[in-house]
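>>> Sequence and predicted structure below; questions after.
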Amino acid sequence: MEGPPDQAESHTLRGATDRPALLTIRDVVEEMEPLATAELDNYLHPSVLEVVLDDGLCAAEEARIDIQWTTRADYKFHYTDTEGVNFRWGKHPHAGDYIDVSGLEHYHPPPTASSDPDEVEESRIRQSLEALVTRAVLKLWRVAYHTDSYAPLNAGRNPP
């Protein structure tokens, strides 16, 4: 499986990596998702929590969600799979570049997780605590998994 595509992402997360938040996210993933295994890239000084999924969405045989969370509660949950599909949920400043996004929370839809201002959507995830955001992401992923469709990924009302 290849990593996320190289994209010219001019927007960055604010603050240092929040290790306790990533450990909380890891625990939620392990509790909620039987198809997932979550590990920090570096236990003492992590930059990302890598969640390996034993199955992916639609035709993908494997997938991964890379999670970044900062001390300022900015985050990225980036999904990538063996079919080359990418999407992500994020919360961080975007300098108003995303014309359909009024706040910090946004969603980069599949198949490419494009940062094109016309394609980025307002995220349905409005939670701010790491455990609740993680539960929302896992719930949306699981609904998409069971429906064999990408459509539910940014649907619903403020899940979980």
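Yes, it's here.

>>> what packs against the helix or strand hosting residue 141?
Using DSSP states H and E, the element containing residue 141 is helix 130-147. Applying 3 or more C-beta pairs under 8 Å, 6 or more residues apart in numbering; DSSP states H and E, one finds that helix 130-147 contacts helix 19-32, strand 63-69, strand 75-81, strand 86-91. No exception for glycine: its C-beta is placed from N, CA and C like everyone else's.

>>> let's see 6 Å
helix 19-32 (3 or more C-beta pairs under 6 Å, 6 or more residues apart in numbering; DSSP states H and E).

>>> Tell me the buried residues in the helix it packs on?
For helix 19-32, a neighbour-count test (16 or more other C-beta atoms under 10 Å) marks 19, 21-26, 28-29 as buried.

>>> for those, which one is nearest residue 55?
The shortest gap between residue 55 and any of the buried residues of helix 19-32 belongs to residue 29, at 14.8 Å (C-beta to C-beta).

>>> Excluding chain neighbours, what is closest to the closest one?
Nearest residue to residue 29, sequence neighbours excluded (C-beta to C-beta, 6 or more residues apart in numbering): residue 38, at 4.4 Å.

>>> likewise residue 55?
residue 35 (5.6 Å).

>>> what's near enough to touch that neighbour?
Residues in contact with residue 35 (C-beta atoms under 6 Å, 6 or more residues apart in numbering) are 53-55.

>>> Over to residue 134?
25, 28.

>>> again with residue 90
76, 106 are the contacts of residue 90 under C-beta under 6 Å, 6+ apart.
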